[in-house]
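**Q** sequence and predicted structure below; questions after.
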Amino acid sequence: MIRKRQREYYKDEQLLEYIGNKIRELRIAKGMSMESFANEFEIDYSQLSRMELGKVNCSISMLYKVAEILKVDAKILLPINYPIKK
C-alpha cells in the first residue's frame, strides 16, 4: 500500500498566536460572543476557539472574512514590522 505523504505547511506559532489574540481582542471589543461570531463566520465554535488560541494556520481568505465580520481593515489583524525568518 502506498502511503500519501502528508503536506507540511509553514507554521509560525508566534504569528498565529498574535493573530488569534487580535481576533479575540477585536471580537470582544465589538461585543460579539464566540458563538455569534462562529455562526456569522459559518464555522464551528471549536474551530474559532482553536483560531483564537493560535492553533489554526488561517488562509488569507479566512482572514479577510474575519475582517469583514469585525468591520475592520484586514491589515489590522497582522503585526507591523514582523521579523521575517531566513
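**A** Good, I have the coordinates.

**Q** what's the lengthiest helix in the chain in contact with?
**A** Across the chain, the longest stretch assigned as helix under DSSP state H is helix 13-29. Applying C-beta atoms under 8 Å, 6 or more residues apart in numbering, the contact partners of helix 13-29 are 34, 37, 51-58, 63, 66, 70, 72, 76-79, 82. C-beta: built from backbone N, CA, C; applies to glycine.

**Q** mind doing that once more with 7 Å?
**A** For helix 13-29, the surrounding residues in contact (C-beta atoms under 7 Å, 6 or more residues apart in numbering) are 37, 51-54, 57-58, 66, 70, 72, 77-79, 82.

**Q** Gln47 and Ser33, how far apart?
**A** Per C-beta to C-beta, to the nearest Å, Gln47 is found 15 Å from Ser33.

**Q** please say which of those two ends up with more neighbours.
**A** Shown here are Gln47 and Ser33; by other C-beta atoms under 10 Å, Gln47 has more neighbours (14 against 11).

**Q** and the strand or helix carrying Gln47, what does it pack against?
**A** Assigned by DSSP states H and E, Gln47 belongs to helix 45-52. Packing partners of helix 45-52 (3 or more C-beta pairs under 7 Å, 6 or more residues apart in numbering; DSSP states H and E): helix 13-29, helix 34-41.

**Q** for the chain, which spans come out with low pLDDT?
**A** Applying pLDDT under 70 to the chain flags the ranges 1-10, 84-86.

**Q** for Val66, see how far away the closest residue to Met51 other than its chain neighbours is.
**A** The shortest distance from Met51 to any non-neighbouring residue, by C-beta to C-beta, 6 or more residues apart in numbering, is to Gly20 (5.8 Å). Gly20 sits 10 Å away from Val66, going by C-beta to C-beta.
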